[in-house]
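# Sequence first, then the predicted structure, then my questions.
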Amino acid sequence: MPDWLSILPPLLAIVVAIWKKEVVLALALGIWMSESLIVGRTMTGVESAFVAIPESMGQGFIEMIDRLVSVFEDGGNTRVLLFCLLVGMLIELMQVSGGVTAFVKRMTQMGMADTQRRAGLLTMAIGVLVWMETSMSCLAAGMVGRPLFDRFKLSRARLAYVLDSTCAPVSVIILLNAWGGYILELLEKGEYGFEEPVNVVMSSIGFNFYAILTLGLVAYTAISGRTHGALRRVEAEESEAETPDEPSKALPDHVKGKAGHMLIPLVIMVALMVLFLMRTGSGSRSVLYSVTVATVIGVLLLIRDRVFTYREIIEHGYRGMGKLLPVVLLMLLAFAIGASCRELGTGSFVAGWVGSFLPLWLVAPLLFICAGIISFTTGTSWGTFAILIPVGMPLGAAFGLPPGFVLAAVLGGGVFGDHCSPISDTTLVASLASGCDHLEHVRTQLPYAMTAGLGTILLYMAMGLFL
């Protein structure tokens, strides 16, 4: 089977998602094609394509089902999916108890969220401060940002952009989190001859131009209040529409919201996230453990203050989980297509194709572009790092480039591809946390990501001429 065929499944998923605006259908078709190609390359003794194609497609459909089941064999995947369901319950309880409404009211009274600009900056600040884990950062900032953006009639698409373009760039810059531990593990396993891999990771921060430019664009949007491209058109269409204030709408007449019903579980969740991350070294474990404890604490607070009965809490909890089931399904499919494309060799083909023509001054720009393409087509920045760091680090050493410079190009490209991809799990979480339609989020964020990406490529070209 020609290697170039490995690029077709993710491309099919992306084209169908954009064309039909049905992400579930797009991902399912992508997985089916990928599994059919995997089956097809192992078939022997088939004389005619008219026999081989139907047979491989039939077997590929069965393999697609097995691939979806195998997602749960990875503990990290299962923990992330459970985490999403529990977060749905926690968010619902915070909203219907009036905790989010009370917190927003207090922030407004303190003058920290009494204008559009301050509402945007506060949301961005929470995303920056909760830097330990990308999903946690998105969800924490989203819980605060949703009622604020609704109050000032700012679109959910703008909120999704602020969340997505703050949380992942911050995580890949600070690196005192699961991202940093994962990257260090990749560098240590690769045996590239670094005496102190941690120094390489730290030196990459200043060269991570994509993350820096992306955060700058978010700050510009929050401070100026201006939007551009598809996001501007969406905001113009929604400017006259009434956006429901979900927490207030769901608040029973007898309930007086307390900010503590949101703040206490949220602070506990973030604090335990740090402790569990230090203890386990696993991002998926730490987020699941911390949100579980935070949910239990939140339930106990509501029972203590007689906000809801136990039965009402269960009903609200199920309702919150139900709201996130579509996102859980999308993440399940995203995990499956990522694993299938890795087995098919999509990432290796893209890396080898781009790496076949590299003059010195184009090493970093093309590594950035290659990482972006891999991340875009597979929907995973971490998978991109695993594919491209073993390719990029020796390549950079052969050209005499600083390892931190090369590493930054790979890391930034992975995040860039995530921001552009409709099948990325981080993009899905941002859509979930903001309550924005997923494809609308991808479409409105794309011009900003492309702007930061183009600026990054130009900076890497300029740096390559002088290093």
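Right, received. Where do you want to start? Residues are numbered from 1 along each chain as shown.
# lowest average confidence, helix or strand, in the protein?
helix 246-250 (a mean of 45; mean pLDDT, DSSP states H and E).
# Okay, buried residues for the following helix or strand past that helix please.
Counting by DSSP states H and E, the next helix or strand C-terminal to helix 246-250 is helix 260-280. Across helix 260-280, burial judged by 16 or more other Cβ atoms under 10 Å covers 261-266, 268-270, 272-274, 276-277. Using the backbone N, CA and C atoms, a C-beta is placed for each residue, glycine as well.
# So what touches helix 260-280?
90, 93-94, 97-100, 102-103, 130, 132-133, 136, 140, 143, 177-178, 283, 285-287, 289-291, 293-295, 297-298, 301-302, 305, 307 (Cβ atoms under 8 Å, 6 or more residues apart in numbering).
# Would you mind checking the average pLDDT for the one helix or strand Gly127 maps to?
According to DSSP H and E, Gly127 maps onto helix 116-129. Average pLDDT, helix 116-129: 88.
# What is that helix packed up against?
Contacts defined by 3 or more Cβ pairs under 8 Å, 6 or more residues apart in numbering; DSSP states H and E place helix 116-129 against helix 134-151, helix 156-174, helix 209-224.
# Tell me which of these sits nearest to Glu73.
helix 134-151 (20.9 Å; Cβ to Cβ).
# Quick check: the closest residue to Asp437 other than its chain neighbours vs Val87, distance?
Using Cβ to Cβ, 6 or more residues apart in numbering and skipping residues adjacent in sequence, the residue nearest Asp437 is Ser431, 7.2 Å away. As defined by Cβ to Cβ, to the nearest Å, Ser431 lies at a distance of 13 Å from Val87.
# same deal with Leu129?
For Leu129 relative to Val87 (Cβ to Cβ), the value is 18 Å.
# out of the two, which sits in the busier spot?
Between Leu129 and Val87, counted using other Cβ atoms under 10 Å, the more crowded position is Val87 (30 against 13).
# what residues does the helix holding Gly127 touch?
Under Cβ under 8 Å, 6+ apart, the answer for helix 116-129 is 107, 111-113, 137-138, 140-141, 144-145, 148-149, 151-152, 154, 158-159, 162-163, 166-167, 170, 218-219, 221-223, 225.
# In which helix or strand does Glu195 reside?
Short version, using DSSP H and E: Glu195 is in no helix or strand.
# what about it, how many neighbours?
Neighbours around Glu195, by other Cβ under 10 Å: 6.
# Can you list phi and psi of it for me?
phi -70, psi -40 (degrees, to the nearest 10).
# Who are the contact partners of Ser204?
Contacts of Ser204 (Cβ under 8 Å, 6+ apart): 404-405, 407-408, 411.
# So what does it have for phi and psi?
The phi/psi pair for Ser204 (degrees, to the nearest 10) is phi -80, psi -20.
# what's the spacing between it and Ala409?
For Ser204, the distance to Ala409 equals 9 Å [Cβ to Cβ].
# Likewise for Val307?
Taking Cβ to Cβ, one finds Val307 at 51 Å from Ala409.
# Which one's more surrounded, those two?
Between Val307 and Ala409, counting by other Cβ under 10 Å, Ala409 is the more crowded of the two (33 against 22).
# What are the neighbouring residues in contact with that one?
Applying Cβ under 8 Å, 6+ apart, the residues near Ala409 are 207, 363-365, 367-368, 371, 392, 460.
# can you redo the residues you listed as JSON lines with pLDDT and neighbour count?
JSON lines is the format used below for the contacts of Ala409 (pLDDT from 0 to 100; neighbours: other Cβ atoms under 10 Å):
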{"residue": "Phe207", "pLDDT": "95", "neighbour count": "23"}
{"residue": "Val363", "pLDDT": "86", "neighbour count": "23"}
{"residue": "Ala364", "pLDDT": "91", "neighbour count": "32"}
{"residue": "Pro365", "pLDDT": "93", "neighbour count": "21"}
{"residue": "Leu367", "pLDDT": "88", "neighbour count": "31"}
{"residue": "Phe368", "pLDDT": "95", "neighbour count": "28"}
{"residue": "Ala371", "pLDDT": "87", "neighbour count": "32"}
{"residue": "Gly392", "pLDDT": "79", "neighbour count": "27"}
{"residue": "Tyr460", "pLDDT": "94", "neighbour count": "28"}
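# Quick check: the two most widely separated of these?
Of all pairs in the contacts of Ala409, the most separated under Cβ to Cβ is Phe207 and Ala371 at 13.6 Å.
# re the thing from before, got the angle for the helix holding Gly127 vs helix 260-280?
In terms of direction (axes from the mean of the first three to the mean of the last three Cα atoms, to 10 degrees), helix 116-129 departs from helix 260-280 by 30 degrees.
# from the middle of its chain, how far away would helix 116-129 be?
Mean C-alpha position of helix 116-129 versus that of the full chain (Cα atoms, centre = their mean, to the nearest Å) differs by 18 Å.
# Check which residues of it are buried.
116, 118-128.
# From Arg106, how far out is Leu301?
Distance from Leu301 to Arg106, by Cβ to Cβ: 17 Å.
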